[in-house]
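**Q** just coords:
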Ligand code: EPU
């Protein structure tokens, strides 16, 4: 273990998040290898300080007062393609948690390996992807992750967790549920299909390629996904005001048959039809964006310096100088109205830090 890492103090966190909100971190360390991660953890233990692990900052809302403990930014680099195929004939990439996710997707597509092409254009770093089981356009990282290398904070050991041990489900894993705070992700191994076909199942993607005679390749699929995301303000584009967000602010709720019936009746009473699709065996997932939009929060809605993206009703945006308090006030208002009108409680998707 290293005994020395560069320890910074009072570092503003807003610039390290995509929504550009939040106060400073009391202490800040950028760790480039496991030794630096362990040294930072040892420092928090010696001072009894709370620890928060920061990746790409794309799914976070940091409190205005900031973070009173140590903010550990994981900057472990490396995208290593293993020489031999695994037992299923897949190509395995070992990727440092600090690598940019979209850079890795681009690399995999260039290597003509399929499995994550629909996850193009998602901001953030590789280390965050298993934590919330990132998903979009019909793919989830749990489809292709083969293992996750972590530091176990219970005993400080480095462990390799296989996919099954990660307990993946919709936007969840052991890392953000049962074992929250126990592990720090160092490296993620992805098993991708060499010369595989792109996964075109999601409506938006099918529509994009409608009328085409030939099957799109991986690179075209990547471009299509980035294009669709850009139209929804879900691609970070410099200068686009709709990009100062934390992505989807609410999860798509999974309803029981009974709750779904109730929702359908409420919609019918208003002459509306709820878009939904089967999720899990007995649950139905409905669109949170649809509920938000039909509760008085149109795209572009503003509440002071916080607002709703003009391109997608599920993204709360910082319209310039917004505080975390303003974002949370808008979140509360949305939750309240949606529950009042539709009887559905929306759960926030981003991680709240320092509240
Ligand atoms: N819709 C609206 N208003 C809108 C946008 C969408 O009513 O402003 C309705 C439409 O009926 C649409 C449906 O919602 O058909 C679904 O919308 P969309 O395809 O944009 O997907 P989503 O369910 O809102 C999810 C993920 C996104 C991911 C997209 C694409 C969640 C919470 N969000 O959004 O992930 O990119 O699918 O697969 O699961 C994220 O998690 O941060 C994120 C951006």
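**A** Yep, that arrived. All of these numbers come straight from a predicted model, not from anything done at the bench. Numbers count the residues shown, from 1 in each chain.
**Q** measure the closest residue to residue 242 other than its chain neighbours to residue 34 for me?
**A** Leaving aside its chain neighbours, residue 242 sits nearest to residue 233 (3.4 Å; criterion: CB to CB, 6 or more residues apart in numbering). In short, each C-beta sits where N, CA and C put it, glycine included. Per CB to CB, to the nearest Å, residue 233 is found 37 Å from residue 34.
**Q** For residue 85, the count of nearby residues, please.
**A** Residue 85 has 12 neighbours, counted by other CB atoms under 10 Å.
**Q** That one reaches residue 113, doesn't it?
**A** No. Counting by CB atoms under 8 Å, residue 85 stays clear of residue 113, with 10.7 Å between them.
**Q** anything in contact with each of the two?
**A** Common neighbours of residue 85 and residue 113 (criterion: CB atoms under 8 Å, 6 or more residues apart in numbering): 91, 194.
**Q** Just want to know which of residue 233 and residue 34 has more residues nearby.
**A** The residue with more neighbours, out of residue 233 and residue 34, is residue 233; 23 against 18, by other CB under 10 Å.
**Q** The more buried one belongs to a strand, doesn't it?
**A** No. Counting by DSSP: H, G, I helix; E, B strand; the rest coil, residue 233 is not part of a strand but coil.
**Q** Verify the stated contact: it with residue 308.
**A** No. If you go by CB under 8 Å, residue 233 and residue 308 don't touch, sitting 10.1 Å apart.
**Q** Need the residues touching each of these two.
**A** Joint contacts of residue 233 and residue 308 (CB under 8 Å, 6+ apart) are 315, 317.
**Q** Quick check: which element contains the closest residue in space to residue 253 that isn't next to it in sequence?
**A** Nearest residue to residue 253 in three dimensions, chain neighbours excluded: residue 344, at 5.4 Å (CB to CB, 6+ apart). Assigned by DSSP states H and E, residue 344 falls within no helix or strand.
**Q** How much space separates residue 234 from the ligand?
**A** For residue 234, the distance to the ligand equals 5 Å [CB to the nearest ligand atom, to the nearest Å].
**Q** Now do the same contact list for that residue.
**A** With CB under 8 Å, 6+ apart, residue 234 has these contacts: 121, 247, 311-312, 315.
**Q** Neighbour count, secondary structure and distance to the ligand added to these, as TSV?
**A** Below are these laid out as TSV (neighbours: other CB atoms under 10 Å; DSSP: H, G, I helix; E, B strand; the rest coil; distance: CB to the nearest ligand atom, whole Å):
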residue	neighbour count	secondary structure	distance to the ligand
121	23	coil	9
247	22	coil	3
311	19	coil	7
312	22	coil	5
315	26	coil	8
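**Q** got the contact list for the closest residue to residue 153 other than its chain neighbours?
**A** Excluding the flanking residues, the one nearest residue 153 by CB to CB, 6+ apart is residue 182, at 5.6 Å. Contacts here follow CB under 8 Å, 6+ apart; on that basis residue 182 touches 152-154.
**Q** Sitting in strands, which of these do you find?
**A** residue 152 (DSSP state E).
**Q** With pLDDT, neighbour count and distance to the ligand added, can I get the contacts of residue 182 in a markdown table?
**A** A markdown table is the format used below for the contacts of residue 182 (pLDDT from 0 to 100; neighbours: other CB atoms under 10 Å; distance: CB to the nearest ligand atom, whole Å):
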| residue | pLDDT | neighbour count | distance to the ligand |
| --- | --- | --- | --- |
| 152 | 97 | 14 | 27 |
| 153 | 96 | 18 | 26 |
| 154 | 96 | 9 | 29 |
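**Q** of the contacts of residue 182, closest to residue 196?
**A** residue 152 (33.2 Å; CB to CB).
**Q** need the contact list for the spatially closest residue to the closest one that is not a sequence neighbour.
**A** In space, and not counting its chain neighbours, residue 152 is closest to residue 159: 5.3 Å by CB to CB, 6+ apart. Going by CB under 8 Å, 6+ apart, residue 159 touches 149-152, 183.
**Q** coming back round to it: from the contacts of residue 182, which is closest to residue 72?
**A** Closest to residue 72, out of all of the contacts of residue 182 and judged by CB to CB, is residue 153, at 11.2 Å.
**Q** Residue 176 versus the closest one, what's the distance?
**A** Distance from residue 153 to residue 176, by CB to CB: 15 Å.
**Q** Thank you, goodbye.
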